[in-house]
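Q: structure for this input, please:
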Amino acid sequence: MLWVLDTDPAMQQGLTLTAAISATIEWLAADECHALDEAALAAELGRRLRSAGLPLDHLGLYLRTLDPEILGHTVGWAPDEPVQVYRRPHDIVRSAAYLSNPVVRVLETQTPAVLRVDPQRDAPWTQNDLFKGRSLVELVILPMRTPDALPSAVSFATTRGTGFTAAERAAFDRIAPALRNACELRNLRRVELTLLDTYLGTLTGRRVLEGRVRRGELERLEAALLLCDLRGFTELSNRLPSERVLELLDAYFGCVVPAIDKAGGEVIKFMGDAVLAFFHREDASAACAAALQGAVTALASLQRQQTPDGELHAGVALHYGTVSYGNIGYGHRLDFTLIGPDVNLVSRLQGVCSTTGQALLMSRRFAELLPAGTARPAGAHLLKGFAQPVDLYALFDHH
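A: Predicted coordinates for the structure are as follows:
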């Protein structure tokens, strides 16, 4: 005799959802997911949850990070729409939309929240870029708890009039830990790259990630060197409140560092109010041209930056030479830097900028690598540590 089992439809739906969520959790831990960036992760997760029968009309990832300019990243997915990715600046914390946003409360308290959205009330957070115009009815916000890490959260939203069922909310709860692990790996990688780039520079940070972390591990590098020093910093420090001095110092770096970055150089060291940078190219003339462009742009930017209580003047020295590039220090406390006679020379050149009032001076070797007519002789100078006078050059004034 053939027995036919009459399965309850609700039970069958629950079993199907349970199996789909289990498969999604396995996917979040698999290599395929590991290879995706956050936008692709959100898109594929949203697609999978919709395919499982969940009435998901919006998915949001809220990922805090360590970045001098960015508070965090927000990733938004909705069916049949491009994924939205927003870099949130630190000053967003002063906006009404941020302060009233329930996602922020979940991030801060690490407590889940379920909200019914009132279409008759336009709360500021419902009008931000992520949720505006979506007619959402219910929002489930879950913290992605990670001890000793930056707080993150995920939101699931629906436009269905009845909102989510208890079983659907339970499905989101099951997914959250695996999603947390997937997002944490990406976030830690981003933080690692950001911090290395912030404190070491892009090229230097890359070398550290490649494993060049042993003391004495140096490589010889041909590069154009730029040393920029702020004039009168001691007088400013003695005359102005420390808060104002820091503001002026930040304004000074805000003129010099972007100019170096834009010209393709890398700042290797901040030495008080001095900036040491290098420009590495296969072609020496190209390296010198880039360094000169960075120097000229920085000085022009400083000239436009003058303030009544503290004029910002700087001297820039330029030289092309061979340096040793790598780790110095002791034990586990190391510094990635440039050393060598050519670094000493550019430092001495910068000293001549200070004593002569010249805004920009170059070594003979640097000047000879520039197009004819770019530099003019600025006399021979005795430099400390050098037996013979050194010929220096200034930028030719074509005006």
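Q: and the longest helix anywhere in the chain, what does it pack against?
A: Ranked by residue count under DSSP state H, the longest helix found in the chain is helix 166-199. Counting contacts by 3 or more C-beta pairs under 8 Å, 6 or more residues apart in numbering; DSSP states H and E, helix 166-199 is packed against helix 9-28, helix 31-34, helix 38-51, strand 58-64, strand 138-144, strand 152-158, helix 202-209. Placement of C-beta: from N, CA and C, glycine included.
Q: how about it: buried residues?
A: By 16 or more other C-beta atoms under 10 Å, the buried positions in helix 166-199 come out as 168-169, 171-172, 175-176, 178-180, 182-184, 186-187, 190-191, 194, 196-197.
Q: quick revisit: any chance of the helices and strands packed on helix 166-199 in CSV, plus distance to Gly310, mean pLDDT and mean neighbour count?
A: Listed next are the helices and strands packed on helix 166-199 as CSV, based on distance: least, C-beta to C-beta, whole Å; pLDDT from 0 to 100; neighbours: other C-beta atoms under 10 Å:
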stretch, distance to Gly310, mean pLDDT, mean neighbour count
helix 9-28, 54, 78, 14
helix 31-34, 51, 86, 12
helix 38-51, 43, 94, 18
strand 58-64, 36, 93, 22
strand 138-144, 46, 93, 23
strand 152-158, 42, 94, 25
helix 202-209, 31, 77, 17
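Q: closest one to Val83 among these?
A: Taking C-beta to C-beta, helix 38-51 is the member of these nearest to Val83, at 4.3 Å.
Q: which residues does that closest one contact?
A: 20, 23-24, 27-28, 33, 36, 56, 59, 61, 63, 73, 75-79, 83, 85, 156, 171, 175, 179, 182-183, 186 (C-beta atoms under 8 Å, 6 or more residues apart in numbering).
Q: that helix to helix 166-199, inter-axis angle?
A: 170 degrees (axes from the mean of the first three to the mean of the last three C-alpha atoms, to 10 degrees).
Q: got the CA coordinates for helix 38-51 in PDB?
A: Written as PDB, here are the backbone C-alpha positions of helix 38-51 (Å, rounded to 0.1, in the frame of the first residue of the first chain):
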ATOM      1  CA  GLU A  38      31.500  44.300  -0.100                       C
ATOM      2  CA  ALA A  39      29.200  45.600  -2.900                       C
ATOM      3  CA  ALA A  40      29.200  42.200  -4.600                       C
ATOM      4  CA  LEU A  41      28.800  40.500  -1.200                       C
ATOM      5  CA  ALA A  42      25.700  42.600  -0.500                       C
ATOM      6  CA  ALA A  43      24.200  41.900  -4.000                       C
ATOM      7  CA  GLU A  44      24.700  38.200  -3.800                       C
ATOM      8  CA  LEU A  45      23.400  37.900  -0.200                       C
ATOM      9  CA  GLY A  46      20.300  39.900  -1.100                       C
ATOM     10  CA  ARG A  47      19.700  37.800  -4.200                       C
ATOM     11  CA  ARG A  48      20.000  34.600  -2.200                       C
ATOM     12  CA  LEU A  49      17.700  35.700   0.600                       C
ATOM     13  CA  ARG A  50      15.000  36.800  -2.000                       C
ATOM     14  CA  SER A  51      15.400  33.400  -3.700                       C
END
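Q: for that helix, the distance to its chain's centre please.
A: 26 Å (C-alpha atoms, centre = their mean, to the nearest Å).
Q: again with stretch 129-140
A: That offset, for stretch 129-140, works out to 29 Å (C-alpha atoms, centre = their mean).
Q: and it, what's buried?
A: For stretch 129-140, the buried set under the neighbour-count rule, 16+ other C-beta under 10 Å, comprises Leu130, Phe131, Leu136, Val137, Glu138, Leu139, Val140.
Q: do stretch 364-380 as well
A: Arg364, Arg365, Phe366, Ala367, Leu369, Leu370, Thr374, Ala375, Ala378.
Q: which two among those residues are spaced furthest apart?
A: Largest separation among the buried residues of stretch 364-380 by C-beta to C-beta: Leu369 and Ala378, giving 16.5 Å.
Q: residues near the residue nearest to Asn128 when sequence neighbours are not counted, how many?
A: Nearest residue to Asn128, sequence neighbours excluded (C-beta to C-beta, 6 or more residues apart in numbering): Ala97, at 4.6 Å. Residues within reach of Ala97, counting by other C-beta atoms under 10 Å, total 18.
Q: ok, now how distant is Asp283 from Arg206?
A: Asp283 sits at a distance of 21 Å from Arg206 (criterion: C-beta to C-beta, to the nearest Å).
Q: next one: Arg239
A: 42 Å.
Q: in the chain, which strand is the longest?
A: Assignment by DSSP state E gives strand 314-330 as the longest strand of the chain.
Q: what pairs with it, parallel or antiparallel?
A: Note on strand 314-330: by DSSP bridges, its sheet partners are strand 218-230 (antiparallel), strand 333-339 (antiparallel), strand 360-363 (parallel).
Q: please name the nearest non-neighbouring residue to the residue nearest to the spatial centre of the chain.
A: By C-alpha atoms, centre = their mean, the chain has its centre lying nearest to Thr194, at 4.6 Å. In space, and not counting its chain neighbours, Thr194 is closest to Asp67: 5.0 Å by C-beta to C-beta, 6+ apart.
Q: and this protein, what are its domains?
A: 13-199, 217-395 (automatic domain parsing).
Q: make TSV from these and add distance to Glu210 to it.
A: As requested, those are exported to TSV (distance: least, C-beta to C-beta, whole Å):
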stretch	distance to Glu210
domain 13-199	11
domain 217-395	11
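Q: mind checking which of those is nearest Gly211?
A: Smallest distance to Gly211 across the domains of the chain (C-beta to C-beta): 9.2 Å, for domain 217-395.
Q: and the closest one, average pLDDT?
A: The pLDDT scores in domain 217-395 average 89.
Q: what does stretch 178-187 give?
A: For stretch 178-187, mean pLDDT rounds to 87.
Q: quick one on the thing from earlier: between the longest helix of the chain and strand 152-158, how big is the angle?
A: Compare the direction of helix 166-199 with that of strand 152-158 by the same axes, to 10 degrees and you get 140 degrees.
Q: report the distance from helix 166-199 to the chain centre.
A: Its chain's average C-alpha position is 18 Å from that of helix 166-199, according to C-alpha atoms, centre = their mean.
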